[in-house]
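Trainee: sequence isn't available, so here's the structure alone:
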Ligand code: AMP
């Protein structure tokens, strides 16, 4: 998952990158980093922790320069080393280079093995390091050509910012799986970021989304950017960005995430009606869809579950036992509100089933008469290989159980999921989407 940002042509570049990463903290909480160039040298800071923990006034002062790139890393089990934080930096034949990446490369193992075979030494377990090695080993004379050569080798979903001392290259894969937008800074400089919520915080104006297969080049000394269409576009924006991952105030491909979530809830109400006294979201992930469900069904909306904001996302904990405990720490029902009531509970997705099971239990313990789970996405039956951290087939509950078996497991009175068709309708149904988690169509070959 992760978030990336690139800032060009502003003396406050690292500060703007910092605020942007802060706005995109939801995309990754494990580690963060910024590298900055003043045209002569690249300086960088990266560490494990949240944006506000890693950077303070002192650190930002050391990052002077008018070109910066930054990254928030999403936690995945196993790779907890600071070496897995980004930007990744290297000195090579043409000078210094720094790279940030959002997405996942599907041929990373093959590329890595052949690079190692040729003598490359890897410092991290990240697929992003492949890109640096490919650039460093290229025999082309210009960095731009070296990057293009590297991109011809890697396959998968990627949004990249590659920084040299005097340039920033912003690149989106030809499928446009992950969001990536271009904006103008109040100072006249430019920003590229994974989500438009970063623009709003720093007062940047949205220009457009970076096109699938496009490379945008910012160069010191020029106030205009260049655009090169590297690959034929074959857009497949990730549906999960709209369902869960992006912030509701972000617009992706011209569509507001909150409005789409509300539409998913309306579709859910049309497809899966139920007699009930109130619609209650699982906060915060189910709120948009629950509002839509309530408006469409006429069943009143209530915030019947309170979320403790001082606990991170439950998914982040690597072991099952710790994940269970975290759901308890995070969500508490309002007993006096729900006692004796028939509830429709709305969440955006069921992955392993941990959250849903625990929620049904705490609601029943709090006196709910009936608990009807409605999920604003289809059953997740396949792991995503394009950058959303969903687990293997073994752990995905809907890959192993029917809807009725999942209902039994989570002990709900009824359970229903949004259909793939309704999901597409909610997103406008005017383009192709990446729906791999639901339909198993791994379209990147
Ligand atoms: P689970 O408890 O494993 O079924 O996970 C479902 C919960 O995790 C839902 O409440 C979602 O909002 C949330 N969720 C879904 N996908 C992800 C993801 N890729 N990363 C973090 N949380 C997620």
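Mentor: Structure received. Since the model is a prediction, treat every value here as computed from it, not as a measurement. Numbering: from 1, shown residues only.
Trainee: any stretches of the stretch 201-350 of the chain with poor pLDDT?
Mentor: The stretch 201-350 of the chain contains residues with pLDDT under 70 at 312-326.
Trainee: ranges for the helices of it?
Mentor: 239-240, 257-271, 287-297, 320-330, 335-338 (DSSP state H, counting those that start in this stretch).
Trainee: of these, which stretch is the most buried?
Mentor: Highest mean neighbour count among the helices of the stretch 201-350 of the chain (mean count of other Cβ atoms under 10 Å): helix 239-240, with a mean of 26. Every residue, glycine included, has its C-beta placed from N, CA and C.
Trainee: which secondary structure elements does it sit against?
Mentor: On a contact count with 3 or more Cβ pairs under 8 Å, 6 or more residues apart in numbering; DSSP states H and E, helix 239-240 meets strand 433-434, helix 436-439.
Trainee: out of the ones you listed, nearest to residue 339?
Mentor: Evaluated over the helices and strands packed on helix 239-240, closeness to residue 339 peaks at helix 436-439, with 36.0 Å, by Cβ to Cβ.
Trainee: does anything pack onto that closest one? Which helices or strands?
Mentor: helix 239-240, helix 420-426.
Trainee: chain neighbours aside, what residue packs nearest to residue 131?
Mentor: residue 150 (5.4 Å; Cβ to Cβ, 6 or more residues apart in numbering).
Trainee: can you give me the distance of the one you found to residue 123?
Mentor: Using Cβ to Cβ, to the nearest Å, residue 150 is found at 18 Å from residue 123.
Trainee: which one of these two has more residues nearby?
Mentor: A direct count of neighbours by other Cβ atoms under 10 Å for residue 150 and residue 123 places residue 150 higher, at 22 against 12.
Trainee: does the more buried one count as helix, strand or coil?
Mentor: helix (DSSP: H, G, I helix; E, B strand; the rest coil).
Trainee: if I look at it, how far off is residue 160?
Mentor: 10 Å.
Trainee: joint contacts of the two?
Mentor: Each of residue 131 lies in contact with both residue 150 and residue 160 under the rule Cβ atoms under 8 Å, 6 or more residues apart in numbering.
Trainee: up against the ligand, what does this protein have?
Mentor: Counting by Cβ under 6 Å from any ligand atom, the positions of the chain adjacent to the ligand are 244, 282, 285, 313, 315, 347-356, 388-390.
Trainee: any of those buried? List them.
Mentor: Taking 16 or more other Cβ atoms under 10 Å as the criterion, what is buried in these is 244, 282, 285, 315, 347-356, 388-390.
Trainee: buried set for stretch 50-64?
Mentor: Those buried within stretch 50-64 under the rule 16+ other Cβ under 10 Å are 50, 51, 54, 55, 60, 63.
Trainee: pull the most distant pair out of the residues you listed.
Mentor: Farthest apart among those - using Cβ to Cβ - are 50 and 63, which lie 17.4 Å from each other.
Trainee: please list all residues in contact with residue 302.
Mentor: 278, 279, 280, 337, 338.
Trainee: show the contacting residues for the first one.
Mentor: When the contact criterion is Cβ under 8 Å, 6+ apart, the partners of residue 278 are 299, 300, 301, 302, 304, 337, 338, 341, 342, 343, 344.
Trainee: in the stretch 101-250 of the chain, what residue lies closest to the ligand?
Mentor: residue 244 (5.0 Å; Cβ to the nearest ligand atom).
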